[in-house]
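Q: whatever this is, show me its structure:
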Amino acid sequence: MKLVSFTHNKQTRVGAVDGDSVVDSLGHDNLPTDMIAFLSAGIDALSVMREHIESGKSRLALADVKLEAPIPRPGKYLAISLNYADHIAETGKEKPEYPSFFSKQSSCVIGPNAAIHCPKVSDKLDYEGELAFVIGTKCRHVPLAEAQHVIAGFTIANDVSVRDWQARSPTLMIGKSFDTAGPLGPWLVTADEIHDPHHLTIKTWVDDSLRQNANTGQMIFNCYEMVAYLSQAMTLEPGDVIATGTPAGVGVKMQPRGYLKPGQTVRIEIEAIGVLSNPVIAEP
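A: Sure, this is the predicted structure:
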């Protein structure tokens, strides 16, 4: 199932993509209209949505709605650094002994087709195509063997980075959290439809230039290991977003530098999920 947060007639709610239509949750007594509430309702909400899809009712044309980020304002947005060997090699850094996470502030999140701002204070704007997963169950101390069961689904993330600001702090956070630095989408593919999240092709284009071309099987720490590790320290909650790292090919390591400029478009494609596309504009 492809779950979406979307806006229609100035109202944002949850739906499911079915072909070229969106099945609308609005007006259904047993369907939450907020994605975090929907995920918190667990299997019951998914069952009701499946029945709603099969009913053929409450359809809107996909072309007539505005897709938002699947989780428009996650409670936590965590991202792992240095998780692909080829990316580690291009940075010249050492392979980490433990997973290394940083926070992206949730105010950075935007949806598909929304504009990434080239900030007024920097010209070192970069892209990072990534697989992201979303927590569906409140959990703590999750055994590795059970970790897959707390993941609601998978989406695409662009871990947009303002490189000079990123370098100003060992936490990376401020350079990773500029407004519009968190494109997510276009939807959340439920975990039951992703047979193996660790065997998906991931590609990133800037305009027509293919910049990244890898497979999620190249991750050093996989999705389930991330859940097990993080949940030793903190409670993970429905709607928390975890980005799983980027492969080689980032702009900062190109010669000459491949930083983003106004007028360009970043397009990230992940097998079995779809395409996340965002234009780049000068910060208004």
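
Q: for this protein, give me the ranges with low pLDDT.
A: Scanning the chain for pLDDT under 70 picks out no residues.

Q: how about residue 101, phi and psi?
A: Here the main-chain torsion angles of residue 101 (degrees, to the nearest 10) amount to phi -110, psi 150.

Q: is it correct that it is in contact with residue 83?
A: No - judged on C-beta atoms under 8 Å, residue 101 makes no contact with residue 83 at a distance of 10.0 Å. The way it works is simple: take the backbone N, C-alpha and C, and place the C-beta from them, glycine included.

Q: those two: who's more crowded?
A: When residue 101 is set against residue 83 and neighbours are counted by other C-beta atoms under 10 Å, the residue ahead is residue 83, at 26 against 18.

Q: for that one, give its distance to residue 94.
A: 13 Å (C-beta to C-beta, to the nearest Å).

Q: likewise for residue 62?
A: 45 Å.

Q: of the two, who's got more company?
A: Taking other C-beta under 10 Å, residue 62 and residue 94 do not tie; residue 62 has more neighbours (17 against 8).

Q: quick one: contacts for the more buried one?
A: Shown in contact with residue 62 (C-beta atoms under 8 Å, 6 or more residues apart in numbering): 17, 20, 21, 22.

Q: can you pull up the most central residue in this protein?
A: Centroid-nearest residue in the chain, with C-alpha atoms, centre = their mean: residue 157, separated by 3.2 Å.

Q: phi, psi of that residue?
A: Taking degrees, to the nearest 10, you get phi -120, psi 140 for the backbone angles of residue 157.

Q: look up the closest residue to it, ignoring the ones flanking it.
A: Counting by C-beta to C-beta, 6 or more residues apart in numbering, residue 157 lies nearest to residue 132, which is 3.9 Å off, once chain neighbours are set aside.

Q: fine by me, thanks again.
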